[in-house]
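sequence-free structure coming up:
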């Protein structure tokens, strides 16, 4: 039972434009959400997080939006840069450390 | 501070064999989690250890097991390997303390296991 879903396996965006990565979840017990970025041959690295009591968190070019009623979160990257090309995983946490990941979305930013 | 290290980085085994993977967490981190990454399935949670005790477990068969030592280093073992076990196995450590809030995890580079 995949509780966290990233329905778009890939996304291609032009440099300078906005990248929007989406994530849906089914378990209303999730109370913390994170986005990770993964380059080939490396482990995922933490990017940005949001608590379920918020609906937006911003860090530089990265903003995460949470819509609890729709059980949906999204990551906005603006402006997108070629170095942002990677696989992005969203993750949802409950019970402090029980983390579930989506299948990932491969973002390609074209120069 | 050194990051999370995993050994070996690459491994090739045949069906029916067993394998042991090792993970050294960031110094001071007591929580170690293991994940399996396969194309299309993303990252799937295997189990989490904290202070030498398995605290959480995902939906994997009993062939997958793990342990944690007093220095927080962790090993995972897969017995009777199947072709479908071919994957990248990632270990993550966290400074999560007992009763603390959700914490970010720091991932190692992974061990690429190929089962022939």
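Now that the structure is in, tell me what you want to look at. In this text the structure is predicted, and so the values were computed from the model without any measurement. Numbers count the residues shown, from 1 in each chain, chains lettered A, B, ... in the order given.

ok, residue A:65 to chain B distance?
18 Å (C-beta to the nearest C-beta, to the nearest Å). Placement of C-beta: from N, CA and C, glycine included.

tell me which element the most centrally placed residue in chain B is part of?
In chain B, the C-alpha nearest the mean C-alpha coordinate belongs to residue B:34, at 2.7 Å (C-alpha atoms, centre = their mean). Assigned by DSSP states H and E, residue B:34 falls within strand B:31-38.

List the strands paired with that strand, with their directions.
strand B:42-50 (antiparallel), strand B:87-94 (antiparallel) (DSSP bridges).

ok, and which of the ones you listed has the densest surroundings?
Neighbour counts (mean count of other C-beta atoms under 10 Å in any protein chain shown) averaged over each of the strands paired with strand B:31-38 peak at strand B:87-94, with a mean of 24.

Now the element after it, going C-ward?
strand B:106-107.

circling back: okay, buried residues for the strand holding residue B:34 please.
Neighbour counts over strand B:31-38 (16 or more other C-beta atoms under 10 Å in any protein chain shown) mark B:31-37 as buried.

Could you export these to JSON lines, including columns for pLDDT and distance to residue B:52?
Formatted as JSON lines, those follow (pLDDT from 0 to 100; distance: C-beta to C-beta, whole Å):
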{"residue": "B:31", "pLDDT": "89", "distance to residue B:52": "11"}
{"residue": "B:32", "pLDDT": "92", "distance to residue B:52": "10"}
{"residue": "B:33", "pLDDT": "90", "distance to residue B:52": "14"}
{"residue": "B:34", "pLDDT": "93", "distance to residue B:52": "15"}
{"residue": "B:35", "pLDDT": "92", "distance to residue B:52": "20"}
{"residue": "B:36", "pLDDT": "93", "distance to residue B:52": "22"}
{"residue": "B:37", "pLDDT": "90", "distance to residue B:52": "25"}
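
Out of those, which is nearest to chain A?
residue B:31 (6.4 Å; C-beta to the nearest C-beta).

How about the closest one, nearest residue that isn't a chain neighbour?
residue B:94 (4.2 Å; C-beta to C-beta, 6 or more residues apart in numbering or on different chains).

And that neighbour, how far from residue A:34?
Look at residue B:94 and residue A:34: by C-beta to C-beta, to the nearest Å, they are 12 Å apart.

Next: residue B:15.
36 Å.
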